[in-house]
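>>> build the 3D model from these lines:
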Amino acid sequence: MVILLMGTTGAGKTTVGRLLAAQLGWTFLDADDFHPQANIEKMKHGIPLTDAERFPWLEKIHTELVRLSAAGRNVVLACSALKQSYRDQLSAGVGMQIVYLRGSYEEMRRHIDRRHGHFAGESILAGQFADLQEPQDALVLDVSLTPDELAADVIARLHLAQPPCA
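Purely as a prediction, here's the structure:
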């Protein structure tokens, strides 16, 4: 199974994803790690990526999801996946549950202001909100909750079993 944590920059996808994967004993993937340097440079300068630039990035992530799924591994993927076509590409042939971390523009901006060292800043937030196609088939969670509360909510609402403590 793959849990896709999606939302705009500043939603807390990576933070919640790391917590969730650790609590479940699953593999964590951050979609940002799959970006080529050229994409990162564009986003650092507030230049939105085109779909043509996103396609190879999404395909690379999808290939890894297929590989891990074939090996019987469960995965938590943190990825903006703003458009339905991106989610379709990522989920093709993979059992995927979408978790949408939803919040207002102001909430996301506040989150961005508090983080350090990430290449995606507020300069791309407006474009992400413009591109966002809210999923119809997702567990929707409010980003005003803490990362611990969000991870616990995902586990409870998807009825996921945590591994026993050692």
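
>>> from here on, just use CA atoms for contacts and neighbour counts.
Noted.

>>> how about the helices in this structure?
Per DSSP state H, the chain carries helices over the ranges 13-24, 37-44, 51-70, 84-91, 105-114, 125-131, 147-157.

>>> what mean pLDDT does the last one get?
Mean pLDDT, computed over helix 147-157, is 96.

>>> longest single strand anywhere in the chain?
Ranked by number of residues, the top strand in the chain under DSSP state E is strand 96-102.

>>> okay, the helices of the chain, which one's buried deepest?
Of those, the one with the most neighbours on average (mean count of other CA atoms under 10 Å) is helix 13-24, at a mean of 21.

>>> that helix - contacts with which helices or strands?
strand 2-6, strand 27-30, strand 75-78, helix 147-157 (3 or more CA pairs under 8 Å, 6 or more residues apart in numbering; DSSP states H and E).

>>> picking that back up, can you list contacts of the longest strand of the chain?
With CA atoms under 8 Å, 6 or more residues apart in numbering as the test, strand 96-102 has contacts from 1-7, 11-13, 135, 137-143, 154.

>>> list buried residues within these.
Listed as buried from these are 1-7, 11-13, 135, 139-140, 143, 154; burial here means 16 or more other CA atoms under 10 Å.

>>> where does the protein dip in pLDDT?
111-124, 165-166 (pLDDT under 70).

>>> and the gap between Ala71 and Gln89?
Ala71 is 20 Å from Gln89, where distance means CA to CA, to the nearest Å.

>>> any idea what the residue nearest to Ala138 when sequence neighbours are not counted is bridged to?
Of all residues beyond its chain neighbours, the one nearest Ala138 is Ile98 (4.8 Å), with distances taken as CA to CA, 6 or more residues apart in numbering. Going by DSSP bridges, Ile98 is paired in beta bridges with Leu4, Ala138.

>>> what is the burial count for Ile98?
When neighbours are counted by other CA atoms under 10 Å, Ile98 registers 20.

>>> how far off centre is stretch 42-53?
17 Å (CA atoms, centre = their mean, to the nearest Å).

>>> give me the distance between the two termini of it.
Terminal-residue distance, stretch 42-53 (CA to CA): 11 Å.

>>> same thing with stretch 131-145?
Stretch 131-145: ends 24 Å apart by CA to CA.

>>> which residues are contacting that stretch?
8, 11-12, 82-84, 97-103, 107, 150.

>>> done for today, thanks.
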